[in-house]
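J.: quick check, what structure comes out for this input:
(2 chains)
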Amino acid sequence: MTDYLACALLGSGFFFIVTGALGILRLPDFFTRLHAMGKSDTLGVALMVLGTAVLEGATLNGLKIVLIIFFVGLANPTATHALGRAAYRSGLVPWESPRDTD
Amino acid sequence: MNTFIWALTVGIALTMLVSLYRLLHGPTLWDRLSGLGLVGTKTIVLVLLMGRITGREDIFVDITLSYTLISFIGALALAKYFEGKETGP
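T.: Below you'll find the predicted structure:
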């Protein structure tokens, strides 16, 4: 039962990470790529780390892994926001679709 | 179960290659910085899964915990350093 739960968590986290990688590869502009990096990647990493915590069980290592989830959830959106704000203040112009500018 | 974890490890390594492409080829400096952050984030999962494979979780969990904090501080410091500077196209 625990193995099935861990497999489901690891698989869904891997799905979100692959989606984020696809967005990183295909989206047209830095700010839109930041969109893929900030949300789907954080969720995918948190789900996969939670899957390894379920595999580990209620030990000291499991507690440390839960602490890793907390730090990832705190650090990754903060770093993404800092990068986006720094790029915007440095004069990087956001992308506009050619269909919207006519 | 072990085969599944091996497959996930290989898959994470492949998505790290995509992030590495963004790091090496990205048109602006900010793309390179975000690629660096992506590689760092995926390394966390990779090290945890490697600890699961080798059966030495107690060491690998400590490495992952310190690596998370160090990569967070590094990303914030780099973003603050380049903020407001002229960084090319």
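
J.: mind listing what's buried in the helix or strand hosting A:Gly20?
T.: Under the criterion of DSSP states H and E, A:Gly20 resides in helix A:2-26. When neighbours are counted by 16 or more other C-beta atoms under 10 Å in any protein chain shown, the buried residues of helix A:2-26 are found to be A:6-7, A:9-10, A:12-14, A:16-21, A:23-24. In this view, the C-beta of every residue, glycine as well, is placed from N, C-alpha and C.

J.: is chain B within reach of whichever strand or helix holds A:Thr52?
T.: Secondary-structure assignment from DSSP H and E places A:Thr52 in helix A:40-56. Yes. Contact of helix A:40-56 with chain B (C-beta under 8 Å from any C-beta of the partner chain) involves A:41-42, A:45, A:48-49, A:52, A:55-56.

J.: and the pLDDT for the residue nearest to B:Ser71 when sequence neighbours are not counted?
T.: Take B:Ser71 and drop its neighbours on the chain: the residue closest to it by C-beta to C-beta, 6 or more residues apart in numbering or on different chains is B:Gly40, 3.9 Å away. Listed pLDDT for B:Gly40 reads 89.

J.: okay, now B:Gly40: neighbour count?
T.: B:Gly40 has 21 neighbouring residues, counting by other C-beta atoms under 10 Å in any protein chain shown.

J.: show me what contacts it?
T.: Residues counted as contacts of B:Gly40 (C-beta atoms under 8 Å, 6 or more residues apart in numbering or on different chains) are B:67, B:71, B:74-75.
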